[in-house]
Every structure is written in C-alpha cells, then in structure tokens.
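Trainee: below: sequence and its predicted model.
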Amino acid sequence: MAIITLTSDWGHSDYYAAAVKGVILSQLPNATIVDITHEITPFNTIDAGFVVKNCFRNFPAGTIHIIAVDTIESDEIPHVVVKAEGQYFIAADNGVFRQIFDEYEDAIEINVMQDSDSFNFPARDRFAKVAVMIAQGVPLSEIGPKRETLRGAEFCAVVRDDAIEGIVIHIDSYGNLITNITREDFVKARRGRDFTIMVKGRLYTINKISDSYMDVRDTTDLVAIFGSHGNLEIAMREAPIASLCGIEFRSTIRVVFHDKVESVIAPMGSLF
C-alpha cells in the first residue's frame, strides 16, 4: 500500500489539497495520504525543507513525498524526483532538496506530460501523476533523464573563532524560533568558553543552554535549548517569543564566545 505525503503552502481554506488527493485516490484507491503540513510560509523553500527533513525518516521505506512550495517550472528550475534514504521526493528543483538531505541515490528530471493545459497547478497535474507512477513500480528511468546536480546548498550558520552567526529558519506553531545553528557547530566552536546568545542585537540575551522549556521560572522567561531537530531553539516557556519580540524568518541570532561574561551584555531573561 502506497504512502504519499503532502507538504505545501496552500493553507486550508482552498481546494488545492483536496484536488491533489482526489487525483491520487482516483488512480490508487488504497493509497494512504498523509498531510505533513499546508501551513508553510508562501514560497518559503527553507521552511518547507526544514519541516520535511525533520519527519521523513519517521516514514517507512518507499514513502513518496510531494513538496508543493514554489512549484512553477522554468528552464532553470525543472520538476525533479529524487530518491534518498530509500524514499522519494517530488518538487521543483528550487533548492528545497538541499535543505532536506546531504546525499541522495538518484535524481531524475521529470519528463512526464501533465494532465492539464494549465501550468499553474503542477502538484495536481504532474506531481500526483508521478507519485502514482512510482507507487505502481514504474522505474525512475521511465520518468525522465538523470539530473546530475541539484540546485542550492544547505543553509549553514557562519562559524568564526569567537562567534556563530545564524538565522531563524523556522517559527513553529508555539512561536518558538528554530535557527540554523546546530549542536555540533556550537560544541565545536565553544571550546569550553562562556557564551552569550543574542536575540535582536543585544536587546535579549541568554547565557545558558537548558534541557527543557521548564528549566526557566516564569512563563515569559527566555530559554535556549537544542531541540529534537538538533538545532538551537530560542523560546519562552509558555509564550510566543516570535510575535512578542517582533522576530521573523531570517532574523539574525548570534552566539558570542568569551572567557568571562561581559557586564555590558547583561542577560535579560524575561520581557516583564
């Protein structure tokens, strides 16, 4: 039984997700369709990549993932199906693949005619068709020619001797800030030194990494953890830091390393 997931920026007020599901189920009535999310920020391939990266390994081998974010095709950005870690990913080659995995087994430029004269809904008219073909066992070689390279690169933080500069790559439904600063980079760069995490310049600062959101006293205290995704996360215990502090996607987060906590960077653990 085929498992096909959908990730998109469609939201839930339109017919888009239902139309794609209808096409799939018309040809694969026993398919299991899983909505990963339809709340990706419009056209935000970094956000889409982060979400898919952190859940696809929980699916069984052979799962097919449709990523319907910024999908309009061009000569430079074709539609592609990629096989990685035993699963399949269908999207436009707009950089999203490189947000999900570092290595892959195969990449195919889709050469399958779509089922509509319109080119504005490729998830319904092409991606769904390709997903069904893969589920039915059609070899990737029959879907199109091999694509030698994929666009884009992983969105990495900049690591210097005395600091790491990253950005917010995802804001979750609680308003927590997930950055592109990894635990591995943090530990390697720290070298046992003290540190200050700076949010909105020096307006909000944190001087420790906690194990849990509950490690701070008040509901609006700032807390820094390495989440299950392995990235540095800035949050409040029971409040949305993103909206309360006016922090958006791509906002800068800096970690400054020093031998002694500087008095000019006094920690501000709570808004109130």
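Mentor: Perfect, I can see it now. Residues are numbered from 1 along each chain as shown.
Trainee: can you give me the strands for the chain?
Mentor: Along the chain, counting by DSSP state E, strands occupy 3-8, 32-37, 64-68, 79-84, 87-92, 106-109, 158-159, 163-171, 177-182, 194-199, 204-206, 222-226, 231-236, 252-258.
Trainee: so for the fifth one, mean pLDDT?
Mentor: In this case it means strand 87-92. For strand 87-92, mean pLDDT is 98.
Trainee: could you dump it to CSV, C-alpha only?
Mentor: Provided in CSV are the C-alpha atoms of strand 87-92 (Å, rounded to 0.1, in the frame of the first residue of the first chain):
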residue,chain,number,x,y,z
GLN,A,87,12.3,7.4,-0.1
TYR,A,88,11.1,9.6,-3.0
PHE,A,89,10.8,13.3,-3.1
ILE,A,90,8.9,15.2,-5.8
ALA,A,91,9.3,19.0,-6.1
ALA,A,92,10.7,21.8,-8.2
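Trainee: return the set of buried residues in the top helix by length along the chain.
Mentor: What stands out as the longest helix in the chain, according to DSSP state H, is helix 16-27. Using 16 or more other CB atoms under 10 Å as the test for burial, helix 16-27 gives 16-17, 19-21, 23-24. Quick note: C-beta positions are derived from backbone N, CA and C, even for glycine.
Trainee: re the thing from before, reformat the strands of the chain as TSV; add distance to Asn54.
Mentor: As requested, those are exported to TSV (distance: least, CB to CB, whole Å):
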stretch	distance to Asn54
strand 3-8	11
strand 32-37	10
strand 64-68	13
strand 79-84	15
strand 87-92	14
strand 106-109	22
strand 158-159	22
strand 163-171	9
strand 177-182	9
strand 194-199	21
strand 204-206	23
strand 222-226	13
strand 231-236	9
strand 252-258	18
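Trainee: quick one, which of those is nearest to Leu140?
Mentor: The closest of the strands of the chain to Leu140 is strand 106-109. By CB to CB, the value is 4.7 Å.
Trainee: what's that closest one in contact with?
Mentor: The contact list for strand 106-109, computed with CB atoms under 8 Å, 6 or more residues apart in numbering, reads 78-83, 93, 97, 140-141, 143-148, 150.
Trainee: repeat that for stretch 247-261.
Mentor: Counting by CB under 8 Å, 6+ apart, 41, 44, 46-47, 162-171, 177, 179, 181, 186, 189-191, 193-200, 207, 232, 234, 241-242, 265 sit against stretch 247-261.
Trainee: can you rerun that using 6 Å?
Mentor: 162-168, 179, 190, 193-198 (CB atoms under 6 Å, 6 or more residues apart in numbering).
Trainee: could you do stretch 120-131 as well?
Mentor: Everything outside stretch 120-131 that qualifies as a contact, by CB under 6 Å, 6+ apart, is 4, 19-20, 23-24, 64, 66, 68, 71, 81, 90, 110, 112, 114-116.
Trainee: now the residue nearest in space to the middle of the chain: how far from Glu184?
Mentor: Geometric centre of the chain, nearest residue: Phe50, 1.3 Å, by CA atoms, centre = their mean. Going from Phe50 to Glu184 by CB to CB, to the nearest Å gives 17 Å.
Trainee: give me the below-cutoff pLDDT ranges for this protein.
Mentor: 153-154, 260-272 (pLDDT under 70).
Trainee: what sits against Ile67?
Mentor: 7, 48, 91, 96.
Trainee: tell me the contacts of the first one?
Mentor: When contacts are counted by CB under 6 Å, 6+ apart, Thr7 is found next to 36-37, 48, 52, 67.
Trainee: again, only this time at 10 Å
Mentor: 34-40, 47-49, 51-52, 55-56, 65-69, 89, 91, 96 (CB atoms under 10 Å, 6 or more residues apart in numbering).
Trainee: could you identify the buried members of the residues you listed?
Mentor: Buried, going by 16+ other CB under 10 Å: 36-38, 40, 47-49, 51-52, 56, 65-69, 89, 91, 96, out of these.
Trainee: I'd say Pro60 and Val34 touch.
Mentor: No: contact criterion CB atoms under 10 Å: Pro60 and Val34 do not qualify, at 11.3 Å.
Trainee: between these two, what contacts are shared?
Mentor: In contact with both Pro60 and Val34: Ile3, using CB under 10 Å, 6+ apart.
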